[in-house]
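Visitor: Sequence first, then the predicted structure, then my questions.
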Amino acid sequence: MQIFSAMPVKHPSPPARKPRSDAQRNRERLLEVAKDSFTRFGANASLDDIAARAGVGPGTLYRHFPTRDALIEAVYHAEVEKIAAAARKFSDSMPPVEALRAWMLLFIDYIAAKQIIAPVLNTIVGGPSKLYEGSRAHIAGALDLLVKRAIRSGEIRRDLDPLDLLRALIGVAFLTSDPDWQQSARRLVDILIAGSRRVTR
């Protein structure tokens, strides 16, 4: 005689799938080609051409980026993520002050890339202000990580504010009409590093 009715067996839900490696490579390749196309041809660059140059079909592009705005935003986010990831990489592989200097030089390249793609960002619905607001926290956090590490090493003065370095570097962006602004900016990085050193008596 069966006393208890059979209870349905609950199986654990399968873990969320990670993006397949080939899908991730397709996405990264699309972003790389899109950045180049938007730089060369502006916001109206052909999405079909971007897909073809990336070696995928249009359907793959639209699966990753349903709209042109989504692709433009993703290109910008990818650049921000690169500079944030670089801070972690430099922190793990370089001495503190060397890591800080390397990141600041990379930030100059980021400013240059942002200036090139700015006209494209201006075409997205609502403008790029929300994109810029979201990126500030990532960039400030990356620099803060490196500055605090350099302060702990004893090589950098304890009253150094990471935002002061960021403001100085961003100020260089207003000189982009000068063809030599990037060389000047790189010299500024060395001046800022020298001025940030702890004074020993």
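Guide: Thanks, I have the structure now. Numbering: from 1, shown residues only.
Visitor: all contacts plus neighbour counts: C-alpha atoms, from now on.
Guide: Will do.
Visitor: Make sure Leu165 is actually in contact with Ile191.
Guide: No: using Cα atoms under 8 Å, Leu165 makes no contact with Ile191, being 10.8 Å away.
Visitor: Looking at those two, which one has more neighbours?
Guide: Leu165 (18 against 11; other Cα atoms under 10 Å).
Visitor: What is the burial count for Leu100?
Guide: When counting by other Cα under 10 Å, one arrives at 26 neighbours for Leu100.
Visitor: what's the closest non-adjacent residue to Ala86?
Guide: Using Cα to Cα, 6 or more residues apart in numbering and skipping the chain neighbours, the partner closest in space to Ala86 is Trp103 (6.9 Å).
Visitor: List the residues that contact the one you found.
Guide: If you count contacts by Cα atoms under 8 Å, 6 or more residues apart in numbering, Trp103 has them with Ile83, Ala86, Ala87, Phe90, Leu143.
Visitor: For the last one, the count of nearby residues, please.
Guide: Okay, so that is Leu143. The number of residues packed near Leu143 is 23, by other Cα under 10 Å.
Visitor: For the spatially closest residue to Met104 that is not a sequence neighbour, give me its contacts.
Guide: Take Met104 and drop its neighbours on the chain: the residue closest to it by Cα to Cα, 6+ apart is Val189, 6.6 Å away. Residues near Val189 by Cα under 8 Å, 6+ apart: Arg101, Met104, Leu105, Leu169.
Visitor: switch to 7 Å and redo it
Guide: By Cα atoms under 7 Å, 6 or more residues apart in numbering, the contact set of Val189 is Arg101, Met104, Leu105.
Visitor: just checking, the last one touches Arg187?
Guide: This points to Leu105. No: using Cα atoms under 7 Å, Leu105 is not in contact with Arg187, being 9.5 Å away.
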